[in-house]
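# I would like to see how this sequence folds:
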Amino acid sequence: MQEAIPHKSYTAGGSRSPLHNFLDGANGGGLVSNGTAGNSVTKLVAENAVIVFGKRGCCMCHVVKRLLLGLGVNPSVCEVEEEKVLNELSRVNGESGGIQLPAVFVGGKLFGGLDRVMSTHISGELVPILKDAGALWL
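This next block holds a predicted model:
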């Protein structure tokens, strides 16, 4: 019988992914610690065909991620918790108001949240949009 591989949870003293190190400011980078949040958020949005910004443990963020994975897209997921980052996301989008999470950026532009992703998926418009952004190669 096969054994399940135990889940390794994140601990503050344990090893961290390069994205977490970048977001927290390790090695001179930093999305929130060194005051260059706008440049870092803009860079993340521009460098990824699809990126999802959400809160840790948010069920709606999980649904968006699973839907995109099911379509064959491997989205970058950025878990944010600070107001500073949310304000910078609003600036990237060009809006003065706050941004709601999950925020899905496709091709460097704000696509929308869970409702927009689901509605375009149901209507059949999501896959062509992802192809145009370079997230799918079908």
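
# List the buried residues in stretch 66-77.
L67, L68, L71, V73, P75, V77 (16 or more other CB atoms under 10 Å). For every residue, glycine as well, the C-beta is placed using N, CA and C.

# Against N87, how distant is the fourth one?
Think V73. Separation of V73 from N87 (CB to CB, to the nearest Å): 27 Å.

# other SSEs contacting the longest helix anywhere in the chain?
Using DSSP state H to define each element, the chain has its longest helix at helix 59-71. Other helices and strands packing on helix 59-71, by 3 or more CB pairs under 8 Å, 6 or more residues apart in numbering; DSSP states H and E, are strand 50-54, strand 76-79, helix 114-123, helix 126-133.

# With just CA atoms, put that helix into PDB.
Only the C-alpha atoms of helix 59-71 are listed here, as PDB (Å, rounded to 0.1, in the frame of the first residue of the first chain):
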ATOM      1  CA  CYS A  59     -11.700  30.300  -0.300                       C
ATOM      2  CA  MET A  60     -12.400  32.500  -3.300                       C
ATOM      3  CA  CYS A  61      -8.700  32.800  -4.100                       C
ATOM      4  CA  HIS A  62      -8.500  29.000  -3.900                       C
ATOM      5  CA  VAL A  63     -11.400  28.600  -6.400                       C
ATOM      6  CA  VAL A  64      -9.800  31.000  -8.800                       C
ATOM      7  CA  LYS A  65      -6.500  29.200  -8.600                       C
ATOM      8  CA  ARG A  66      -8.100  25.800  -9.100                       C
ATOM      9  CA  LEU A  67     -10.200  27.000 -12.100                       C
ATOM     10  CA  LEU A  68      -7.100  28.400 -13.800                       C
ATOM     11  CA  LEU A  69      -5.100  25.300 -13.000                       C
ATOM     12  CA  GLY A  70      -7.900  23.100 -14.400                       C
ATOM     13  CA  LEU A  71      -7.700  25.100 -17.700                       C
END
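
# Greatest separation within the buried residues of stretch 66-77: which pair is it?
Spatially, the most separated pair among the buried residues of stretch 66-77 is L71 and V77, at 15.0 Å (CB to CB).
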